[in-house]
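Colleague: sequence first, predicted model second:
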Amino acid sequence: LVDNQAIPQGPMASQVAIKMLGTNGGGYTNANASHPFENPTPLSNFLQMLSIFAIPTGLTYYLGRLTKNQAHGWAVWAAMFVLFLIPMVVCWYAESSGNPIHHHLGVAAADGNMEGKEVRFGIFNSALFATVTTDASCGAVNAMHDSFTGLGGLIPMLNIQLGEVVFGGVGAGLYGMLVFVVIAVFIAGLMVGRTPEYLGKKIGAYEVKVSLLTLLILALSILGFTAWASVSKWGVAGLNNSGPHGLSEMLYAFTSATGNNGSAFAGLTANEPWYNTTLGFAMLIGRFLMIVPIMALAGSLAQKKIVPQSAGTFPVSGTTFVVLLVGTVLLVGALTFLPALALGPVVEHFLTAQGKLF
């Protein structure tokens, strides 16, 4: 007979404001934003999601003001919004479709895949929160990502792997997206046969090299540590699931650590020396090493003189630029991480559709 219950209490409201506005994500309790003291109602849930995007979204407007090209700021915002909306719909669809294993057992899936989710939030608010928190470098969660379906879990993971440039963290999302802007402008320059320009600054080989180096550092950390863990005794020992979902647990762990996110496929037992050490190095690489080429890019552009626009200058505003920027982000992400994702959540999706468990 249990006649006592320990209920955690403390200054939760003040911590929630800090973790959401600052895109930190650390929860006062282990249940994070699914705990009723931190997130009691759908209204509080909406306000928390709004807080995550508030400052990063405002920075795109600030970009337009600072560069005296407000249309450019709105174009960057539009590209971020497209990259947010489409994955969110995919995640929502995957979770609302329910667990294929339940379908094979004849269990009604009218409510979708509710494993690991709060009833007071439901499928849509859980999928939306998962998308928002991984688009930004927040990491707060109101549902357990490890319990998502194969395709549903793919979306939060891919959001981080793209560099968390879809609005992103406070400041970090903007400079991450500007790296893709430089690459997109370089591609456009090649297509029109003119020297690439960005806001009157010539984009040369050096700027492209340091931009790509930023992306390569992140990819090397995520894929390198995941590959090491997948063939090591310490890596496999921490798994809660076998097969492709087990690979997804490891991939998500190093993706989240490198991306400074903090969310997790929490089935992985990471609180042991090898995981603590490798995840710590992944955090150092993702937070500090990748800043070096970005600072080099900023220094190089600052030294260049502004040249007047010409007929061959590719405009960094308008629909064409938005499509090119979205395509660049997706193309780089797909080429870099698609093989790993295909072995993890994509394979899991097809195998669970056949009724296989992990």
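Modeller: Sure thing, it's come through. Quantities reported herein were computed from a predicted structural model and do not represent experimental measurements.

Colleague: now stretch 276-294: buried residues?
Modeller: 278-279, 281-283, 285-286, 289-290, 293-294 (16 or more other C-beta atoms under 10 Å). Just so you know, the C-beta spots here come from the backbone N, C-alpha and C atoms, and that holds for glycine as well.

Colleague: can you give the distance from it to the centre of its chain?
Modeller: 16 Å (C-alpha atoms, centre = their mean, to the nearest Å).

Colleague: which outside residues touch it?
Modeller: 175, 179, 210-211, 213-214, 217-218, 221-222, 225, 228-229, 253-254, 257-260, 270 (C-beta atoms under 8 Å, 6 or more residues apart in numbering).

Colleague: and that stretch, how far apart are its ends?
Modeller: Using C-alpha to C-alpha, to the nearest Å, one end of stretch 276-294 lies 27 Å from the other.

Colleague: surely Glu118 and Met144 touch.
Modeller: No. Counting by C-beta atoms under 8 Å, Glu118 sits too far from Met144 to count as a contact (9.9 Å).

Colleague: that older thread, among the contacts of stretch 276-294, name the buried ones.
Modeller: 175, 179, 210-211, 213-214, 217-218, 221-222, 225, 229, 253-254, 257-260, 270.

Colleague: which ones among the residues you listed map onto strands?
Modeller: Among these, no residue falls in strands (DSSP state E).

Colleague: in strands, which of the buried residues of stretch 276-294 fall?
Modeller: Per DSSP E, the buried residues of stretch 276-294 never map to strands.

Colleague: in TSV: those residues, plus pLDDT.
Modeller: Formatted as TSV, the buried residues of stretch 276-294 follow (pLDDT from 0 to 100):
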residue	pLDDT
Thr278	97
Leu279	97
Phe281	97
Ala282	97
Met283	95
Ile285	95
Gly286	92
Leu289	93
Met290	90
Pro293	95
Ile294	94
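
Colleague: put together CSV for those residues, with distance to Leu301 on each row.
Modeller: Converted to CSV, the buried residues of stretch 276-294 look like this (distance: C-beta to C-beta, whole Å):
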residue, distance to Leu301
Thr278, 34
Leu279, 33
Phe281, 30
Ala282, 29
Met283, 28
Ile285, 24
Gly286, 23
Leu289, 21
Met290, 17
Pro293, 13
Ile294, 11
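
Colleague: and of these, the nearest to Leu325?
Modeller: The closest of the buried residues of stretch 276-294 to Leu325 turns out to be Ile294 (C-beta to C-beta; 17.5 Å).

Colleague: quick one: that closest one and Lys304, what's the gap?
Modeller: From Ile294 across to Lys304, the span is 16 Å (C-beta to C-beta, to the nearest Å).

Colleague: now Gln161
Modeller: Gln161 is 31 Å from Lys304, by C-beta to C-beta.

Colleague: neighbour count for the two, which is higher?
Modeller: Neighbours around Gln161 and Lys304, counted as other C-beta atoms under 10 Å, are more numerous at Gln161. The numbers are 28 against 14.

Colleague: just list the residues touching Ala188, thanks.
Modeller: 196, 314, 321, 324.

Colleague: now, which of those residues sits nearest Ala342?
Modeller: Closest to Ala342, out of all of the contacts of Ala188 and judged by C-beta to C-beta, is Leu324, at 25.7 Å.

Colleague: am I right that the closest one sits in a helix?
Modeller: Yes. When DSSP: H, G, I helix; E, B strand; the rest coil is applied, Leu324 is found to be in a helix.

Colleague: burial check on it, number of neighbours?
Modeller: Leu324 - counted by other C-beta under 10 Å - has 22 other residues nearby.

Colleague: now it: closest residue in space, sequence neighbours ignored.
Modeller: Excluding the flanking residues, the one nearest Leu324 by C-beta to C-beta, 6 or more residues apart in numbering is Ala184, at 5.0 Å.

Colleague: check Pro56 too.
Modeller: Using C-beta to C-beta, 6+ apart, the nearest residue to Pro56 is Phe167, at 4.0 Å.

Colleague: part of a strand, is the one you found?
Modeller: No. Applying three-state DSSP, one finds Phe167 to be coil, outside a strand.

Colleague: Provide a list of residues in contact with it.
Modeller: Taking C-beta under 8 Å, 6+ apart, one finds 53, 56-57, 60, 80, 84, 135-136, 173 in contact with Phe167.

Colleague: among these, which ones are in helices?
Modeller: 53, 56-57, 60, 80, 84, 135, 173 (DSSP state H).

Colleague: packing partners for the helix or strand Asn125 falls within?
Modeller: Using DSSP states H and E, Asn125 maps to helix 122-135. Taking 3 or more C-beta pairs under 8 Å, 6 or more residues apart in numbering; DSSP states H and E as contact, the helices and strands that helix 122-135 lies on are helix 42-66, helix 70-96, helix 150-161.

Colleague: pull out the buried residues from that helix.
Modeller: Residues 122-123, 125-135 are the ones in helix 122-135 that count as buried (16+ other C-beta under 10 Å).

Colleague: report the buried residues of stretch 227-240.
Modeller: 229-230, 235, 238-239.

Colleague: do the same with stretch 44-64
Modeller: So, applying 16+ other C-beta under 10 Å, buried residues of stretch 44-64: 45, 48-49, 51-57, 59-60, 63-64.

Colleague: determine which two of those residues are furthest apart.
Modeller: The most distant members of those, if one measures by C-beta to C-beta, are Asn45 and Gly64, lying 30.3 Å apart.
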